[in-house]
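*Asks:* sharing a sequence plus its predicted fold:
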Amino acid sequence: MSGAGARRGPHPLALAWFLLVAALLAVAVYVAVFGKAEDGEPVARVDLKPVATPHHIAAKKPPVQQAQTPAAVPPVAAPQPGTAIPAPPAGTAKTPEPKEPPQLVPARILAPVYAGKALVADPALIEATAEGPLPRIADNGRAPMAAYAPPVPAARGKPEIALVVSGLGVSAKATEAALKILPPGVTLAFAPYAGDVQRWVSEARKLGHEVLLEVPMEPYDFPDSDPGPHTLRPTLDENGNLDRLRWALTRFTGYAGITNLLGDRFMASSDALAPVLTFLTRRGLFFYDSGTNARSAAQGVAGATGAAYVGSALTIDSIQSGMEVDQKLSELETRARTLGTAAGTGFLYPVTIDRVAAWAKGLPGRGFVLVPASAIVGKAK
């Protein structure tokens with residue numbers, strides 16, 4: 001009886017397997033219906049939230065720039081005579097053009113011409129030539145170097161200083177600036193090339209300046225340094241150089257003497273320089289040696305030919321700095337105090353103009369007199 005009953009009930013092992021399989025099937029059905037494919041994989045979650053832009057950054061958005069090509073800017077044609085030139089847009093900076101002085105000296109000089117109280121042209125002092133007005137000594141013996149020289153301040157035994165600033169007449173803006181700033185005691189040297197140079201010379205005379213003519217002469221590094229057309233050269237014969245000198249002398253009127261424009265090679269040649277200084281003496285002009293050439297023969301030639309001569313002791317702006325210019329001007333004062341007179345040379349550099357103007361204001365208080373270069377002819381060497 002017991003053996004028959006046991007065979008009729010479920011076997012315990014089979015029942016366990018049945019329950020396991022049923023559980024697995026139930027899990028599979030649940031996952032298929034309610035689960036996710038990535039369940040069981042490792043997951044990292046980041047909670048990202050929008051961040052507001054700070055006000056100080058949001059206010060500085062870079063401007064959007066649009067590229068322009070050269071073709072987008074139409075060419076500007078030169079205005080025809082009588083055409084009005086439109087005014088620049090509001091806010092556009094414009095550099096003012098220099099105000100050109102009036103043309104006082106006519107093409108034919110028939111009567112004395114004055115700029116203010118200063119004489120700038122006198123037919124008695126002019127030989128009319130095809131090139132232009134050539135200076136000469138008047139029939140009564142009056143010489144251009146005396147007629148065109150400004151009044152000399154009373155020195156009363158005080159040391160005298162002459163200062164020549166060269167390079168004027170080439171740039172209208174630089175020339176205008178110098179005339180506005182420099183005191184009348186400074187002698188001004190003008191280059192002969194600009195077409196309107198006579199206007200600026202007349203303005204300089206009106207303001208009380210003595211005027212010199214710069215004559216181009218050959219330097220050692222010619223033609224790398226080229227003073228321009230009509231340069232006097234030691235390799236030319238006497239007639240060739242005198243023809244070039246005449247051309248320079250006829251560019252404008254009102255000057256008391258000439259000075260060298262470059263010219264260290266030419267100035268070192270006594271043979272080339274002697275006819276030039278002789279010609280100037282016969283025309284009533286003095287020669288100012290700018291002092292840039294230590295080997296200049298000008299002083300010896302002037303002594304031999306009897307030419308009126310002034311020699312510059314130093315150049316004040318070989319180094320273009322305010323401190324250097326001030327130092328050279330101080331050396332000029334020391335020389336004048338020792339010898340009684342001294343002459344110096346500068347160029348139309350802005351720093352030179354500014355420092356000379358400031359220096360000249362204090363000269364009377366230091367016991368010096370600023371005089372034109374013609375006032376110390378034969379004194380300064």
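*Replies:* It's in.

*Asks:* what about the closest residue to residue 299 other than its chain neighbours, how many residues close to it?
*Replies:* Nearest residue to residue 299, sequence neighbours excluded (CB to CB, 6 or more residues apart in numbering): residue 311, at 5.6 Å. (C-beta placed from N, C-alpha, C; glycine too.) Here the number of neighbours of residue 311 (other CB atoms under 10 Å) works out to 18.

*Asks:* so residue 311 touches residue 298, yeah?
*Replies:* Yes: here residue 311 reaches residue 298: they are 7.1 Å apart, a contact under CB atoms under 8 Å.

*Asks:* quick check: neighbours shared by the two?
*Replies:* residue 289 (CB atoms under 8 Å, 6 or more residues apart in numbering).

*Asks:* what sits against residue 118?
*Replies:* So residue 118 contacts 150, 205-206, 208, 254 (CB under 8 Å, 6+ apart).

*Asks:* parallel or antiparallel, list what pairs with the strand ranked longest in the chain.
*Replies:* Using DSSP state E, we find that the single longest strand of the chain is strand 160-168. Sheet pairing here is set by DSSP bridges, and for strand 160-168 it gives strand 187-190 (parallel), strand 341-347 (parallel), strand 369-370 (parallel).

*Asks:* roughly how far does residue 273 sit from residue 338?
*Replies:* For residue 273, the distance to residue 338 (CB to CB, to the nearest Å) stands at 29 Å.

*Asks:* who has more neighbours, the two?
*Replies:* residue 273 (27 against 9).

*Asks:* assumed the more buried one was part of a helix.
*Replies:* Yes: secondary structure of residue 273 (DSSP: H, G, I helix; E, B strand; the rest coil): part of a helix.

*Asks:* and the nearest residue to it once chain neighbours are set aside, its phi and psi?
*Replies:* Nearest residue to residue 273 in three dimensions, chain neighbours excluded: residue 301, at 5.0 Å (CB to CB, 6+ apart). Phi and psi for residue 301, reported as degrees, to the nearest 10, are phi -70, psi -40.

*Asks:* and the pLDDT for residue 301?
*Replies:* Looking at residue 301, its pLDDT reads 97.

*Asks:* kindly report the same for residue 44.
*Replies:* 44.

*Asks:* likewise for residue 60?
*Replies:* Taking residue 60 on its own, its pLDDT is 40.

*Asks:* then residue 128?
*Replies:* 95.

*Asks:* what sits against it?
*Replies:* Counted by CB under 8 Å, 6+ apart, residue 128 has contacts 108-109, 134.

*Asks:* so which of the residues you listed sit within strands?
*Replies:* Using DSSP E, these in strands are residue 134.

*Asks:* most surrounded residue in the contacts of residue 128?
*Replies:* Counting by other CB under 10 Å, top hit in the contacts of residue 128: residue 109 with 18 neighbours.

*Asks:* quick one, what contacts it?
*Replies:* Contacts of residue 109 by CB under 8 Å, 6+ apart are 121-123, 126, 128, 133, 253.

*Asks:* before we move on, back to that, between the contacts of residue 118, which is closest to residue 364?
*Replies:* Closest approach to residue 364 among the contacts of residue 118 (CB to CB): residue 208, at 15.9 Å.

*Asks:* picking that back up, among the strands paired with strand 160-168, show me which one is buried the most.
*Replies:* strand 187-190 (a mean of 28; mean count of other CB atoms under 10 Å).

*Asks:* avg pLDDT for that strand?
*Replies:* 98.

*Asks:* do the same with stretch 223-239
*Replies:* Stretch 223-239 comes out at a mean pLDDT of 94.

*Asks:* hmm, who's touching that stretch?
*Replies:* With CB under 8 Å, 6+ apart, stretch 223-239 has contacts from 191-193, 215-219, 222, 240-241, 244-245, 247-248, 261-263, 265-266, 268-269, 271-272, 275-276.

*Asks:* go again with 7 Å.
*Replies:* 193, 215-219, 241, 244-245, 247-248, 261-262, 265-266, 269, 272, 275-276 (CB atoms under 7 Å, 6 or more residues apart in numbering).

*Asks:* now, which of the residues you listed lie within strands?
*Replies:* 215-217, 261-262.

*Asks:* who's in contact with residue 149?
*Replies:* 210, 256, 372, 374.

*Asks:* number of residues surrounding the third one?
*Replies:* When you say that, I think you mean residue 372. Residues near residue 372, counting by other CB under 10 Å, number 29.

*Asks:* same check on the first one?
*Replies:* Taking other CB under 10 Å as the neighbour definition, residue 210 ends up with a count of 29.

*Asks:* pretty sure it sits against residue 375.
*Replies:* No: Residue 210 is beyond contact range of residue 375, at 8.6 Å (criterion: CB atoms under 7 Å).

*Asks:* narrow the contacts of residue 109 to those that are buried.
*Replies:* 121-122, 126, 133, 253 (16 or more other CB atoms under 10 Å).

*Asks:* what pLDDT does the closest residue to residue 112 other than its chain neighbours get?
*Replies:* Residue nearest to residue 112 in three dimensions, not counting chain neighbours: residue 122, with 4.6 Å by CB to CB, 6+ apart. As predicted, residue 122 sits at a pLDDT of 98.

*Asks:* and for residue 140?
*Replies:* 97.

*Asks:* pretty sure the residue nearest to residue 273 is in contact with residue 275, am I right?
*Replies:* No: under the criterion of CB under 7 Å, residue 301 makes no contact with residue 275, lying 9.7 Å away.
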